[in-house]
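>>> Need a 3D model of the following:
(one chain, ligands or ions: 1)
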Amino acid sequence: MPPTHESTDHRGTPCLRLRNEGATALVALHGAQLLSWIPADGRERLFLGERAQFTPGSAIRGGVPVVFPQFGERGNLRKHGFARLLDWTFEGVTDDAAIFELRDGPDTAQWPHAFACRLSIGLAAARLAVALEVENRGAVPFDFTAALHTYLRVDDIAQVSLEGLQGCDYEDSANGGTLHRQHEHAVAFDGEIDRIYNDVVAPLILVDGGHRLDIKHDGFGDTIVWNPGAHLAARIGDLAPGEHARFACVEAGQVLAPVLLAPGERWRGSQALG
Ligand SMILES: O=P(O)(O)OC[C@H]1O[C@@H](O)[C@H](O)[C@@H](O)[C@@H]1O
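Just a heads-up that it's a prediction; the model follows:
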């Protein structure tokens, strides 16, 4: 079923509220950024920082920022690219999702390519599906990296573990990009963790005390796992004291092998939570 939608705002930022099968989601046009996802059981699943900035040109701390066309500082653009800094257009709903679009224009001139990004957000009673599609609308090929930078709300990061990555190799961004293999059954969050896992095939399970969340990726080759830990969090201006303990970022990304798109070609990656 298509979600119903109504315009609203959150701290002055224009948003769309989506509803379907008793679940709701709140999406800011700024970045097409999901700010809230409440399944039919009534429990919020996304983290949104108390000090999150809702100002043009800034990134919003929390929800599901869209990272495009550059992940992190792997290029000349601003960290994590411009998609999370710009207003997207709401295009309407399909049979099962709300669609948002960002196209090249004066605000994306620092990346001189003709493109269209479409973000689709599908909502059911206990499931959220987010998909990013990128189209090359120009006459020359381009490459990009991208991610759905999902901030999952947790009760206490010290009690959280992430299962499904055993045997996967990862680049440890918190330790100079060194390469490692995940030997443990689950990832624990004790201090800063900033890893890019590749070739992840199994569905992941985030265990948060008594709660479990299944995470599935399709099209994205990498999974980024991030939490700043208490020490680094104290230097992040838009995180309130102690807030690092309220989220675990499990991001669907295409980072280690950039996507090369020929003119007219499209790429799609998705993340499903539930
Ligand atoms: O503070 P930002 O720009 O939103 O980035 C947050 C984090 O995003 C993660 O995806 C990166 O792996 C981290 O290195 C980074 O610190």
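>>> so where do the helices sit in the chain?
All helices of the chain, identified by DSSP state H, fall at 229-233.
>>> How far does the longest strand belonging to it sit from its chain's centre?
Assignment by DSSP state E gives strand 247-261 as the longest strand of the chain. Counting by C-alpha atoms, centre = their mean, to the nearest Å, strand 247-261 is centred 9 Å from the centre of its parent chain.
>>> Can you spell out which helices and strands pack onto that strand?
strand 127-136, strand 142-148, strand 151-153, strand 160-163, strand 193-198, strand 204-208, strand 222-227, strand 266-273 (3 or more C-beta pairs under 8 Å, 6 or more residues apart in numbering; DSSP states H and E). (Glycine included, C-beta is placed from N, CA and C.)
>>> tell me the mean pLDDT over the third one?
Taken as a whole, strand 151-153 carries a mean pLDDT of 98.
>>> Can that strand be said to contact the ligand?
No. Using C-beta under 6 Å from any ligand atom, strand 151-153 stays clear of the ligand, coming no nearer than 9.5 Å.
>>> Check the second one too.
No. Strand 142-148 stays clear of the ligand (C-beta under 6 Å from any ligand atom), getting no nearer than 6.5 Å.
>>> For that strand, name the packing helices and strands.
So strand 142-148, by 3+ C-beta pairs under 8 Å, 6+ apart, packs with strand 66-67, strand 127-136, strand 247-261, strand 266-273.
>>> who are the neighbours in contact with the residue of the stretch 1-150 of the chain found nearest the ligand?
For the stretch 1-150 of the chain, the residue closest to the ligand is residue 79, as judged by C-beta to the nearest ligand atom, at 4.7 Å. Residue 79 sits next to 70, 72-73 when contact means C-beta atoms under 8 Å, 6 or more residues apart in numbering.
>>> could you redo the last one with a cut-off of 6 Å?
Neighbour list for residue 79: residue 73 [criterion: C-beta atoms under 6 Å, 6 or more residues apart in numbering].
>>> next one: the one 3 residues further on
If a contact means C-beta under 6 Å, 6+ apart, then residue 82 has residue 108 as its contacts.
>>> that older thread, reformat the helices and strands packed on strand 247-261 as TSV; add distance to residue 170 and mean neighbour count.
Formatted as TSV, the helices and strands packed on strand 247-261 follow (distance: least, C-beta to C-beta, whole Å; neighbours: other C-beta atoms under 10 Å):
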stretch	distance to residue 170	mean neighbour count
strand 127-136	22	21
strand 142-148	15	23
strand 151-153	18	23
strand 160-163	12	20
strand 193-198	4	20
strand 204-208	13	18
strand 222-227	8	24
strand 266-273	18	18
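>>> could you dump the ones you listed to a markdown table with distance to residue 19?
Below are the helices and strands packed on strand 247-261 laid out as a markdown table (distance: least, C-beta to C-beta, whole Å):
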| stretch | distance to residue 19 |
| --- | --- |
| strand 127-136 | 13 |
| strand 142-148 | 21 |
| strand 151-153 | 20 |
| strand 160-163 | 29 |
| strand 193-198 | 34 |
| strand 204-208 | 25 |
| strand 222-227 | 29 |
| strand 266-273 | 17 |
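>>> Which one of these lies nearest to residue 84?
Residue 84 lies closest, by C-beta to C-beta, to one member of the helices and strands packed on strand 247-261: strand 142-148, at 10.1 Å.
>>> quick one: strands adjacent to that closest one?
strand 66-67 (antiparallel), strand 247-261 (antiparallel) (DSSP bridges).
>>> Is the shortest one in proximity to the ligand?
No. With C-beta under 6 Å from any ligand atom as the measure, strand 66-67 is seen stopping short of the ligand, the closest distance being 7.1 Å.
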